[in-house]
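Asker: I'd like to go over a predicted model; first the sequence, then the structure.
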Amino acid sequence: MGQKKAQNELQRKAPERGGERSARSRETVTDLVDLLRGEPRWAARFDHWHTLPPRAAVTAPFPTSIDERIVALYRARGIVEPYAHQARFIEAALERKDVLVATPTASGKTLCYTVPVLQSLLETNGAARALFLFPTKALSQDQSAGLTQIVEQLGQEWHAFTYDGDTPPSVRRTLRDRGHLVLTNPWMLHAGILPNHAKWSELFRDLRYIVIDEVHTLSGVFGSSVANVLRRLVRIARHYGSDPRFLLCSATIKDGAEHARRLIGRDVVVIDEDGSPSGARTFGVYNPPMLNPVAGLRANALEEARELARAVCGPSHQTIFFCKRRVHVEVLTRYLKEGAAGLGLKPAEIRGYRGGYLPLLRREIENGLRAGEVKVVVSTNALELGIDIGALDVAVLVGYPRSQASFWQRAGRVGRRSKPSLVVQIATSDPVDQYLARHPENLFGASKEKLGLDPNNLVILSEQMKCAAFELPFRADARTGDLVDASFGGIENAPHVLDYLAEESRLLHKRDSTWWWMADAYPAADVTLGGVDPDNVLILDVETKKAIAEIDRAGSIQAVHEGAIYQVEGEIWKVERFDYENRRAYVRAVESDYFTEAEVDVAVRVLRLEERARRSRLEAPVAHPFTQASLDETALPIAADPAGEDLSVWRGEVHVTTLATMYKKVRFYTRESVGAEDIHLPPEELDTEAFVLTLSEATAFDLGLVGGDRGASWRGVGTILRRVAPIYLRCQPSDLGLSAHVRSPHFRRPTLILYDAVQGGVGLAEILFGCWRDLCTAALDVVAHCPCVSGCPGCVGPVEEVGPLGKRTARQVLEHCAHGPTPRECELAADEEQALST
Amino acid sequence: MSDDSIRDRLKRQLARRTKPSAESALERDPTARRSVFDSLGRHARLASDEAVVPVTASAASTNSDDAAGETQPIDARVTRANHAPLARSLGDVIPLPVRELSSEPPRELELDAQGVSARIRQFAREHCHGSKSLASVFDVPRTVLAERARDERLNQVDLTRAVFFDTETTGLAGGAGTYVFLVGLMRFTGESFELWQGFLPHPAEEKNLLEEVAARIADASVLVSFFGKSFDRHRLEDKMRLHGVTPPFATTIHLDLYHPLRRAHRGRFENCKLKTLERELVGVVRPDDLPGSFAPAAWFDFLGGRPHRLEGVFQHNADDVLSLAALLCHLTED
């Protein structure tokens, strides 16, 4: 069996006595790095090594105005002086400024905001209040435990509590009236707290600080909605006489000042020089061996991670594995537990961790990590955010996490003060991973992604102002007509939105320059923020009737369909019944030598077209005739009509269906397929707006969109347009869906569809229809200046994805679209209507 | 952007979110509709803090002779009110008529000394509501009352200073945008029973009304309501806190008849709504009642210049309050 063989191969230090555990008990991270670099078996698989030098701590004293009791508290915890960035943050907060700290994981951001909050409570003898927003329930529970402990150590009677969907209704009232530190999430603030602000009047009466953690997660449609929720929050605080300041924390991001300004509508002090110390950090890029060079098939990254575990796991240090999918977390956890003895570990020292585990189990694992009892943890991005698990020693990233921000967050999980640490990035066969394995400089040198945010997006703004009007009436200056409002006052379109809500939607009643809510409805319940739906599917054991885990709705169709194997830390359950409507999956404990992987299909169907612009081939002769065509005249498939269509753009509505189609049964270890079955679940559906670009067959041919790779190159054009769209739309690429066809069933020619990935849409496609030519110019600029030869993840996609001619073809298409006369608006033709009905 | 183009864009984009597309999930698959409502139900539960059990007196809607009366069960109404489909709500809610606005109070309405609009009616001690005279409230044995209501403080309470109360609101969901637009408070003046119905002629008058209501409730030896502990009290309390008026409830004994009556009669009748209990226990039948569920629309209409249904809401509220006195008497009978 594979395990045995690996064990034999790996005999580096033969145990003298006491077996593997004592043999490895003195191993250091430096030894590990030496082993991986030195031993040929491993060295051959590492394409690249990169080292960051150690960095010494920079500290500064607490500001003198900080209460002696707080200083004593931290001294007792071993912190005599805070890091320089912490001290600067505290100073700015005490000066009543809005502050953002943007530093890596584990640089002590919690201390930054805790100190000013405690100070305000001590100064006011417990009258001050603070509100904390975290992007996940797990984070707020983690922080609430930490704050409670600090308050107890200060000997105060203040209360810190988490207010979310899990808070029992019976205690909510007490918490509302007596909570000094309220920890919640954006959804709860939006739908629970703000519409019921009178119940929270104790919180709002003297609200000093609004703490928002992980603000880099607030981008795109979700972030733009949250920015408006914050406007509503400030407005209500003002109503009760408070003027709270914002204390913001973030991973290192590009242009934090700009992001914060858009998010809270005010200028902030940005602190981004990290004063925390770190040992030398070594990065290794691991590329699994080629199994079949002809097919370009490499060994499976997950199985490679299992192999690598034999080198990087052990009793003397802590190792974290990051997997991209939950099922992979479970499979790897199982492997490692089964092979624990070979690592010199007990199975109990190896844990899985991911969203969906019940809170108590998560707490147990986090505590085990902090205490050093857990030696190995296998996680999804659930441990990417700021949950306190202490600093670990080795991180193994099974697959590139799709963004630079995520990559550095994960890497930031390792590195204690002065000890060296190791980060291994295992490349999967994904083209992006392979590209990065060949061009690792992009991993370490590339700039961080820019975060898009547009709080004044008309649709988001009107939905949010509807909620705001429910909470407090809006007033305008009777003379000027300008809105008089702490939050929405300066927004150009705000009065128009209110008039619209009054006159067209009939939700508001306007009299004497004031708009009053006037409807029997609770608008926040109907307005979504975007982001991950917090409604979960509960997974129940049919025998004990107890919940064993939960899973988000979007992920459920792939993980708990009937017949799925569901795993929690290596224990195996089989799904007997999935009650999709009621969000319950019923499972039974089983023995299984396979796990399941589901496949999902996304289909985009055009429902209605509303606008079109086109140009003819007479107006736009092809700028770069495809040379191959002239070599072989007979290959020209179409008698090109010189006055025929060149290209068209459209605006309309589409219906997007996401359907789990089938699942494969995959045997553990060998990964052989032992069968496949269909999944019977209703599709997840989305009606939304879309921007469409089509080329006529003749133009497509002239531009080189021919041959086997044309689909890939055409998709490359879509990829780059989607990637640069945030420049004009202030969204995230994930807010837009992409569908690319060389011969779409609807238009019967090469078609790109970019759609708003939110039910109903928020107007992104409409903006695209107005600025798509600028977008093509920007995309062309990126492609033209990209140093790669034939495609990379930074432009049209890696060559493995777009083919050898992909970049050249995509560039020709973009040039053609960006140049020449602007297409003219035209009527929708009758045959297009017909195409619709078929 | 010009005003017109903003409006056009809003119209186009928001209409898309309102209008179901040719083959939306809801139309094709009725189970999808349920799951959408499910998820919204969960949001609504998240959102409303106190359990707003939909059995309030003012929301009962059975046995209505009103031709336009809705006869669907109250649970269904709540579903509709709270659970408009996701992102389809703009333009989907009770429309206000676009007319020249008028805030003329309904007839017989007077401004009292504090500037609050109210209608005051006197009922003689002998006035009978169903099978009970109002004065029989004074004969209620307090020890039995305290025992059945499970509140020892009622042993000592002066029933001549009791205040009976019921409210009409613009919705059951609660939250800052729900208005309490009519508050009926009945007390004994030494001569007769006085029913004071404080009315909100416009949202801008809210604080005045609430201050007056708070003062009148603070005077009570005991506040008598039906389901008021779970609903009416919180609507008033929320609004008072919003306007910085000190709520009087914490210092006032509150007798919510719903709980003892339900304990005594659960399972005997089709339900435990006020309408059912008043009919079955004290013989009150309302031939021309305007269901409480019509109250929000009646008030919105009034603000839009069409006060025609408001009279019915005043009458409905008065009947509710009178029934409290009758049911209080019944509660302590054998």
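Answerer: Right, received. Where do you want to start? Since the model is a prediction, treat every value here as computed from it, not as a measurement. Residues are numbered from 1 along each chain as shown, chains lettered A, B, ... in the order given.
Asker: Could you find the closest non-adjacent residue to the closest residue to chain A within the stretch 101-250 of chain B?
Answerer: Nearest to chain A in the stretch 101-250 of chain B, going by CB to the nearest CB, is residue B:177, at a distance of 3.4 Å. C-beta coordinates here come from the backbone N, C-alpha and C atoms, glycine included. With sequence-adjacent residues excluded and distances taken as CB to CB, 6 or more residues apart in numbering or on different chains, residue B:177 is closest to residue A:470, at 3.4 Å.
Asker: what about the stretch 51-200 of chain B, any weak spots by pLDDT?
Answerer: Where the stretch 51-200 of chain B drops to pLDDT under 70, the residues are B:51-114.
Asker: mind listing the helices for it?
Answerer: With DSSP state H, counting those that start in this stretch, the ranges of helices along the stretch 51-200 of chain B come out as B:74-82, B:142-149.
Asker: cool, the stretch 201-350 of chain A as well?
Answerer: Taking DSSP H, counting those that start in this stretch as the test, the helices found in the stretch 201-350 of chain A are A:201-205, A:220-239, A:256-264, A:301-312, A:326-338.
Asker: re earlier: so what's the model's average confidence on the helix or strand where the residue nearest to residue B:177 lies?
Answerer: Per DSSP states H and E, residue A:470 falls inside helix A:458-471. Taken as a whole, helix A:458-471 has an average pLDDT of 94.
Asker: Would you mind confirming that the residue nearest to residue B:177 makes contact with residue A:196?
Answerer: No - judged on CB atoms under 8 Å, residue A:470 makes no contact with residue A:196 at a distance of 10.5 Å.
Asker: what's the overlap in contacts for the two?
Answerer: Common neighbours of residue A:470 and residue A:196 are listed as B:175, B:176 (criterion: CB atoms under 8 Å, 6 or more residues apart in numbering or on different chains).
Asker: So which bits of the stretch 51-200 of chain A are right by chain B?
Answerer: Neighbours of chain B within the stretch 51-200 of chain A, by CB under 8 Å from any CB of the partner chain: A:165, A:169, A:172-173, A:176, A:187-188, A:191-192, A:195-199.
Asker: Oops, could you answer that again for the stretch 501-650 of chain A instead?
Answerer: Applying CB under 8 Å from any CB, we find that the stretch 501-650 of chain A lies next to chain B at A:501, A:503-507, A:509, A:511-512, A:514, A:516-528, A:533, A:535, A:580-583, A:607-608.
Asker: go with 10 Å
Answerer: Within the stretch 501-650 of chain A, the positions near chain B by CB under 10 Å from any CB of the partner chain are A:501-512, A:514, A:516-528, A:533-536, A:553, A:580-583, A:605, A:607-608, A:610.
Asker: returning to that earlier point: of the helices of the stretch 201-350 of chain A, give the one that comes closest to chain B.
Answerer: Here helix A:201-205 is closest among the helices of the stretch 201-350 of chain A (CB to the nearest CB), at 4.4 Å.
Asker: Just list what that closest one packs against, helices and strands only.
Answerer: Using 3 or more CB pairs under 10 Å, 6 or more residues apart in numbering or on different chains; DSSP states H and E as the contact definition, the elements that helix A:201-205 packs against are strand A:129-133, helix A:169-178, strand A:181-184, helix A:220-239, helix B:232-243.
Asker: before we move on, the earlier item: could the helices of the stretch 201-350 of chain A be laid out in TSV, adding mean pLDDT and mean neighbour count?
Answerer: Shown next, in TSV, are the helices of the stretch 201-350 of chain A (pLDDT from 0 to 100; neighbours: other CB atoms under 10 Å in any protein chain shown):
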stretch	mean pLDDT	mean neighbour count
helix A:201-205	94	20
helix A:220-239	95	25
helix A:256-264	93	21
helix A:301-312	92	22
helix A:326-338	91	24
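Asker: related to what we said a few turns ago, with neighbour numbers in mind, choose between residue A:470 and residue A:196.
Answerer: residue A:470 (26 against 22; other CB atoms under 10 Å in any protein chain shown).
Asker: contacting residues around the nearest residue to residue B:295 once chain neighbours are set aside?
Answerer: Of all residues not flanking residue B:295 in the chain, residue B:168 sits nearest, at 4.4 Å (CB to CB, 6+ apart). For residue B:168, the contact set (CB atoms under 10 Å, 6 or more residues apart in numbering or on different chains) comprises B:58-59, B:179-184, B:197, B:199-200, B:232, B:235, B:292, B:294-296, B:298-299, B:310, B:313-314, B:316-317, B:320.
Asker: Having no further points to raise, I will conclude here.
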